[in-house]
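Engineer: Okay, sequence plus prediction incoming.
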Amino acid sequence: MHPSSYGKIGLHLNINGEERTVTIRPADTLLDVLREHLGLTGSKPGCLNGDCGACTVIVGDLPMKSCLMLAVEAADHQVITIEGLNHAPIQQAFIEKFAFQCGYCTPGFIMNVHALINRHPQADCETVKEWLKSNICRCTGYTEIEEAVRSCLLP
């Protein structure tokens, strides 16, 4: 066995509807595996401690901060990244409502609110604001982001 492969394991993941197998260390975060092993760089490393939300993906049907989740914890769940959304209405709403500036945090916001819309399609303003608290944008106000979310909610 090559020394660099000591302690590594094979892991089967369902990423964006596709079965993928990677060889990782058990301590690798989902964020690292997505970016470094699978080339899915839409999830962004920000704070790396769960505060900013730039790395948000959907696991099952819940938004999760992939910097806080070990990749092995995702083994029995479907994981959706920004690359797997394929023209979800919230993506177009972010464009139409100018809900981004630099764009670094945008994938995390989109994943978070995509899960919100799926779980609470008639969410009220307070629910939207509560969900948005888990993501940070340093470039713009949240008004446009809230407008984008509201434009995708059912009346």
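Structural biologist: Ah, there it is. Please read all numbers here as calculations on a predicted model, not as lab measurements.
Engineer: Spell out the residue ranges of the helices in the chain.
Structural biologist: For the chain, the helices defined by DSSP state H cover 30-32, 89-96, 106-119, 125-132, 143-152.
Engineer: Distance from the chain centre to the first one, please.
Structural biologist: Using CA atoms, centre = their mean, to the nearest Å, we find the averaged C-alpha position of helix 30-32 to lie 11 Å away from the chain's own average C-alpha position.
Engineer: now swap in the second one and tell me
Structural biologist: If you compare the mean C-alpha spot of helix 89-96 with that of the full chain, they lie 16 Å apart, counting by CA atoms, centre = their mean.
Engineer: what about the residue lying closest to D28 once chain neighbours are set aside, neighbour count?
Structural biologist: With CB to CB, 6 or more residues apart in numbering as the criterion, D28 has its nearest non-adjacent residue at 5.1 Å, and that residue is A71. Glycine gets a C-beta too; all of them are placed from N, C-alpha and C. A71: 25 surrounding residues under other CB atoms under 10 Å.
Engineer: Could you do I90 as well?
Structural biologist: I90 has 23 neighbours, counted by other CB under 10 Å.
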